[in-house]
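Q: got a sequence here, can you build the structure:
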Amino acid sequence: MRTLHVGLRIADLDRSLAFYTGLGYEVVGNVPETEFGSLTMLKLPDDEFVSLELVHGQGGREPGSRGLNHIVIQVESMTDVVAQLSSQRAQVEQPGSPDGSDDFWTAWVTDPDGYRIELVQWPAGHPAGMTAADFSETAPESR
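A: Predicted coordinates:
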């Protein structure tokens, strides 16, 4: 089993598409009419599969982060992504290094509907995702 994607209810499809494509997502396709509204499927360039679904329209629920804490996206260059988002007037919090190193960075940005997104630039040699090693006694953030 694995997680397929996250669905976010949004208020304005054009505004959200501009934000998420500016972040690096690519539109894979859409389903124009469902009981939930229109569904727009996105993926990141290095992903093989859809990882984000934007839900717009019908369904009667307002957007917002009810129950959703945040989404985490791995970036290759924090500097480049922050510059890109800032050029689009997105409010990006100042990047910081959780372990004080020069190559492990995180930053927070909020999308147009209030969803919080954590950007992560892993240190060199780190696996593409979190593993048990990140929580061991030798993991930098547990020192």
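Q: correct me, but Lys43 touches Glu26?
A: Yes - assessed by C-beta atoms under 8 Å, Lys43 is found in contact with Glu26 at 5.8 Å. All C-beta spots, glycine's among them, are computed from the backbone N, C-alpha and C.
Q: please identify which of those two sits among more neighbours.
A: Between Lys43 and Glu26, counted using other C-beta atoms under 10 Å, the more crowded position is Lys43 (17 against 13).
Q: so Leu13 touches His56, yeah?
A: Yes - Leu13 is within contact range of His56, at 4.4 Å (criterion: C-beta under 8 Å).
Q: which neighbours do those two share?
A: Jointly contacting Leu13 and His56 under the rule C-beta atoms under 8 Å, 6 or more residues apart in numbering are Ser38, Thr40.
Q: between these two, point out the one with more neighbours.
A: Each of Leu13 and His56 has its neighbours counted (other C-beta under 10 Å); His56 has more, 21 against 16.
Q: report pLDDT for that one.
A: pLDDT for His56: 90.
Q: tell me the bridge partners for it.
A: Ile10, Ser38 (DSSP bridges).
Q: show me the contacts for it.
A: Arg9, Ile10, Ala11, Asp12, Leu13, Ser16, Gly37, Ser38, Thr40.
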